[in-house]
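# Need a 3D model of the sequence below.
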Amino acid sequence: MNRSLMHFRHHCHPRARAAMLAALVAALVAVSTDLAATSVMAATLDRLREFVRETQTARAQFTQTVVDRAGRATQSAKGELLLSRPGRFRWTVDQPYRQLIVGDGEKIWFYDEDLQQVVVRGSREALGATPAALLSGREDVEKAFSWQDLPVADGLDWLAAKPLAKDAAFAEIRLGFDARGLAALEMLDAFGQRSSIRFTGMERNPKLPPELFRFVPPKGADVLGETK
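Numbering: from 1, shown residues only. Below you'll find the predicted structure:
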């Protein structure tokens, strides 16, 4: 097995986690119809409804931290997230390594600049039975999750969504809101790991060129996966 493939398999889990988190936020911007039909009435859920209703595009800087079951930080990253309805996103990691994940609405492209490697997967396959897939409109939001308002913490209003499916990849998703809208996203997986993302400089409805959500593999890069 070549070094590149070994490297990809070794790091597949955190990369998939980053893509699913990015897609989850993109999905939140894309599901205003489903959320508007949800019968649960809660102040924080109303904030979520308002955010998706009023947000067509978005740009934000992010800091991501992954903490294991024992509370030890195992990963950290910084970068930029761009969103465009419906369901397109561009997730750029600048530190500690350079990585680009682009969702064009049909496929998700993972590009590792150091390895000159591209992995492409269909959106449905990449997201599977995850909260991102459920929120993207493939399932009814109210039936797929149980929703709960949480106490204010770190100056944010929090909303928790727990998947009702027994085989869900995630135990809980938490969304944090400030006066500007979505400010934080946390995910607890089945292994007790918590991925935490904090957004800064959230800009809603900026003009974003469509080409930002298209990806063409760089010349000479190894391309693995569903290219058709």
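# which residues in this structure form strands?
Shown for the chain, the strands assigned by DSSP state E span residues 57-67, 73-84, 88-95, 99-103, 107-112, 117-122, 145-153, 156-163, 170-178, 181-189, 194-204, 222-225.
# closest to Arg214 out of the ones you listed?
Proximity to Arg214 (Cβ to Cβ) singles out strand 99-103 among the strands of the chain, at 7.4 Å. Every C-beta, even on glycine, is put in place using the N, C-alpha and C of the backbone.
# any idea of the angle the closest one forms with strand 107-112?
On the basis of axes from the mean of the first three to the mean of the last three Cα atoms, to 10 degrees, strand 99-103 is oriented at 170 degrees to strand 107-112.
# Now that we have the strands of the chain, can you turn them into CSV and tack on distance to Val216?
Shown next, in CSV, are the strands of the chain (distance: least, Cβ to Cβ, whole Å):
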stretch, distance to Val216
strand 57-67, 21
strand 73-84, 17
strand 88-95, 13
strand 99-103, 10
strand 107-112, 9
strand 117-122, 10
strand 145-153, 36
strand 156-163, 35
strand 170-178, 32
strand 181-189, 29
strand 194-204, 26
strand 222-225, 11
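# closest to Glu50 out of those strands?
Once those are compared by Cβ to Cβ, strand 181-189 is nearest, at 7.8 Å.
# Check which helices and strands that closest one sits against.
helix 3-30, helix 43-54, strand 170-178, strand 194-204 (3 or more Cβ pairs under 8 Å, 6 or more residues apart in numbering; DSSP states H and E).
# Below-threshold pLDDT in the protein: ranges please.
1-43, 124-144, 227-228 (pLDDT under 70).
# again, only this time at 80
When residues are selected by pLDDT under 80, those of the chain lie in 1-55, 85-87, 123-145, 165-170, 180, 190, 226-228.
# Please tell me how far Val52 sits from Asp68.
32 Å (Cβ to Cβ, to the nearest Å).
# higher neighbour count, those two?
Between Val52 and Asp68, Val52 has the larger neighbour count (other Cβ atoms under 10 Å), namely 22 against 13.
# What is the neighbour count of the closest residue to Met202 other than its chain neighbours?
Counting by Cβ to Cβ, 6 or more residues apart in numbering, the nearest residue to Met202 once its immediate chain neighbours are dropped is Ala60, at 4.4 Å. By the measure other Cβ under 10 Å, the count of residues near Ala60 is 22.
# same thing with Leu45?
18.
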